[in-house]
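>>> sequence? don't have it. structure:
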């Protein structure tokens, strides 16, 4: 049975309910678990080796931008956890954009993409930043002509897809490559596998808080440590978030739960990059959640005022244990 938020809080107490949502129950949670070995590919579009290799080349190729000055890897830098380390991404001509660059590590496991979920597949996602005038500012028809004029690309597209260069196969190749960007063997995964000393004492304490009194696992669960849902946290004051996609006023200022996989490598944090460190993020949930959202809207979280501030370090230590071995990749 779903309980109203106030009633549930009255029954269970503030420390237990601070991150409980009125639409979320224990039954909604997936167990914490290692990631599958491979991200699933769409039916009829396998991530074969030649498609992956073609996608890898495209990912690092600055021809994908209008001025040939940016590649996908400009914002998704392998050495920075496939993010850019900036508060907000920079697009065409160095223009600062409105949102933080999310990692593409393990991105093949998400059902929808971007902070607002506007793409339903990696194939759909792949072309959005390329043709966005604010991001890579590349006309897709011009890109097809530019790649087709390169003999090796013409040969690779023919071998991978049995047809000339086209924008749909550009997207398929990029998606095939991104599905290989799966991190493995994190200390947390090893701990789940029975290696008891893979986590230090502080990380074990943080794990217990994470899935217990702090309530983090109510949204950060499953192999990705994300439920893939959208919440209003009180961070955004102007960006409409999910409502910009759905047109639903109830979705204003809501953003998707990010994966916590490799989170220590992918700061700054939140959709706008406004929180610099993992400590800042956990502290936000413990003490800095505002009483109301923009326009007086109710938030989906409450601060953990009933929990000790001293717990923050342990949760941060656990979050660091979620960093795995990144796939080897290079231009």
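Arrived safely. In this text, all values refer to a predicted model and were calculated from it rather than measured experimentally.
>>> can you give me the strands for the chain?
Ranges of strands in the chain, per DSSP state E, are 230-232, 254-256.
>>> Centre of the chain to the last one, how far?
This points to strand 254-256. Between the mean C-alpha point of strand 254-256 and the mean C-alpha point of its chain there is a distance of 11 Å (Cα atoms, centre = their mean, to the nearest Å).
>>> What average pLDDT does that strand get?
Regarding strand 254-256, the rounded mean pLDDT is 98.
>>> can you list the strands of the chain in JSON lines and add mean neighbour count?
From N, CA and C alone the C-beta is placed, and that goes for glycine too. Converted to JSON lines, these look like this (neighbours: other Cβ atoms under 10 Å):
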{"stretch": "strand 230-232", "mean neighbour count": "21"}
{"stretch": "strand 254-256", "mean neighbour count": "24"}
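>>> Reformat these as CSV; add distance to residue 324.
Written out in CSV, the entries for the strands of the chain read as follows (distance: least, Cβ to Cβ, whole Å):
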stretch, distance to residue 324
strand 230-232, 25
strand 254-256, 21
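>>> out of those strands, nearest to residue 75?
Among the strands of the chain, strand 254-256 comes nearest to residue 75, with 18.0 Å by Cβ to Cβ.
>>> which ones are touching the residue nearest the centre of the chain?
For the chain, the residue lying nearest the average C-alpha position, counting by Cα atoms, centre = their mean, turns out to be residue 258 (4.4 Å). Neighbouring residues of residue 258 by Cβ atoms under 8 Å, 6 or more residues apart in numbering: 102, 226, 269.
>>> if we can go back for a sec, now for the strands of the chain, which one comes closest to residue 156?
Proximity to residue 156, assessed across these by Cβ to Cβ, is greatest for strand 254-256 (33.6 Å).
>>> Which secondary structure elements does that closest one sit against?
Applying 3 or more Cβ pairs under 8 Å, 6 or more residues apart in numbering; DSSP states H and E, we find strand 254-256 packed against strand 230-232.
>>> Just to check, residue 314 is in contact with residue 214?
No - contact criterion Cβ atoms under 8 Å: residue 314 and residue 214 do not qualify, at 9.4 Å.
>>> remind me which residues of the protein are low pLDDT?
Per-residue confidence for the chain (pLDDT under 70) gives these ranges: 1-28.
>>> got the domain boundaries for it?
5-30+184-320, 49-178 (automatic domain parsing).
>>> want to try TSV for the ones you listed, with distance to residue 36 as columns?
Supplementary listing: these in TSV, determined by distance: least, Cβ to Cβ, whole Å:
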stretch	distance to residue 36
domain 5-30+184-320	7
domain 49-178	8
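>>> What separation is there between the residue sitting furthest away from the middle of the chain and residue 167?
Relative to the centre of the chain, the most outlying C-alpha is that of residue 151, 35.5 Å out, by Cα atoms, centre = their mean. For residue 151, the distance to residue 167 equals 19 Å [Cβ to Cβ, to the nearest Å].
>>> in the stretch 101-250 of the chain, which spans are helices?
Here the stretch 101-250 of the chain has its helices, by DSSP state H, counting those that start in this stretch, at 122-131, 140-148, 151-161, 167-178, 187-192, 201-211, 243-246.
>>> need the contact list for residue 77.
Contact criterion Cβ under 8 Å, 6+ apart gives 83, 84, 85 as the residues in contact with residue 77.
>>> between those residues, which has the most around it?
Among the contacts of residue 77, residue 83 has the most neighbours (other Cβ atoms under 10 Å), with 22 neighbours.
>>> show me the contacts for residue 49.
So, once contact is read as Cβ under 8 Å, 6+ apart, residue 49 ends up touching nothing.
>>> mind listing what residue 48 touches?
Counting by Cβ under 8 Å, 6+ apart, residue 48 makes contact with 160, 176.
>>> do you know how far it is from residue 277?
For residue 48 relative to residue 277 (Cβ to Cβ), the value is 41 Å.
>>> Could you do residue 104 as well?
Distance, residue 104 to residue 277, by Cβ to Cβ: 22 Å.
>>> Equivalent analysis for residue 69, please.
The value you get for residue 69 to residue 277, if Cβ to Cβ is used, is 31 Å.
>>> before we move on, what about residue 233?
Applying Cβ to Cβ to residue 233 and residue 277 gives a distance of 17 Å.
>>> Which one's more surrounded, these two?
Neighbours of residue 233 and residue 277, each counted by other Cβ under 10 Å, are more numerous for residue 233; the result is 20 against 13.
>>> Could you find the closest non-adjacent residue to the more buried one?
Spatially, and ignoring its direct neighbours in sequence, residue 233 is nearest to residue 301 (5.7 Å; Cβ to Cβ, 6 or more residues apart in numbering).
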